[in-house]
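Visitor: Based on what follows, work out the 3D shape:
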Amino acid sequence: MSFESIVSWIVCGLVVGISARFLVPGRQAMSLPMTTLLGIVGALVGGFLYSLFRGVSAEPFSLASHNWYGWVVAILGAMLVVWIYPLLYPRKWWN
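Guide: Numbers count the residues shown, from 1 in each chain. All right, here's what the predicted structure looks like:
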């Protein structure tokens, strides 16, 4: 795995995580690095769930032709992760 691919996954996770935080109702108390991490995890979860139904795509994050659904699936997966995260790790009253 090259440095460029790692940076592209981080940028993709940031975009997907911010989009998911915007679309999930309510306040999410998490930092930008946590948003990025949850965006990356959500993209992987969404991609995995989609691949169970439709099979693996050759270019999941391309906006060319018919591959735009990779971004949609990644955002939906990140929304699921952003919604579940506070349920698993509730905010303490002193935070």
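
Visitor: list the helices and strands the longest helix belonging to the chain packs on?
Guide: Longest helix in the chain by number of residues (criterion: DSSP state H): helix 32-54. Other elements packing on helix 32-54 under the criterion 3 or more Cβ pairs under 8 Å, 6 or more residues apart in numbering; DSSP states H and E are helix 3-23, helix 69-88. Bear in mind the C-beta positions are built from the backbone N, C-alpha and C, glycine included.

Visitor: For the chain, which helix or strand comes out least confident on mean pLDDT?
Guide: helix 3-23 (a mean of 77; mean pLDDT, DSSP states H and E).

Visitor: What are the buried residues along it?
Guide: W9, C12, G13, L14, V15, V16, G17, I18, S19, A20, R21 (16 or more other Cβ atoms under 10 Å).

Visitor: Correct me if wrong: the fourth one contacts G39.
Guide: Yes - between L14 and G39 there is a contact at 6.1 Å, judged by Cβ atoms under 8 Å.

Visitor: could you point out where the protein is predicted with low confidence?
Guide: 1-2, 4-9, 55-68, 93-95 (pLDDT under 70).

Visitor: Contacts only, for I75.
Guide: V16, S19, A20, L23, G42, G46 (Cβ atoms under 8 Å, 6 or more residues apart in numbering).

Visitor: how close does the first one get to M79?
Guide: Looking back up the chat, that one is V16. Going from V16 to M79 by Cβ to Cβ, to the nearest Å gives 9 Å.

Visitor: any residues in contact with both of those two?
Guide: With contacts taken as Cβ under 8 Å, 6+ apart, V16 and M79 have G42 as neighbours in common.

Visitor: Could you check how many residues crowd around the nearest residue to A20 once chain neighbours are set aside?
Guide: The spatial neighbour of A20 that comes closest, neighbours along the chain excluded (Cβ to Cβ, 6 or more residues apart in numbering), is A78 at 3.6 Å. When counting by other Cβ atoms under 10 Å, one arrives at 30 neighbours for A78.

Visitor: For the remainder of this discussion, apply numbering that starts at 42.
Guide: With 42 as the first residue, the last one maps to A119.

Visitor: From G67, how far out is R132?
Guide: 12 Å.
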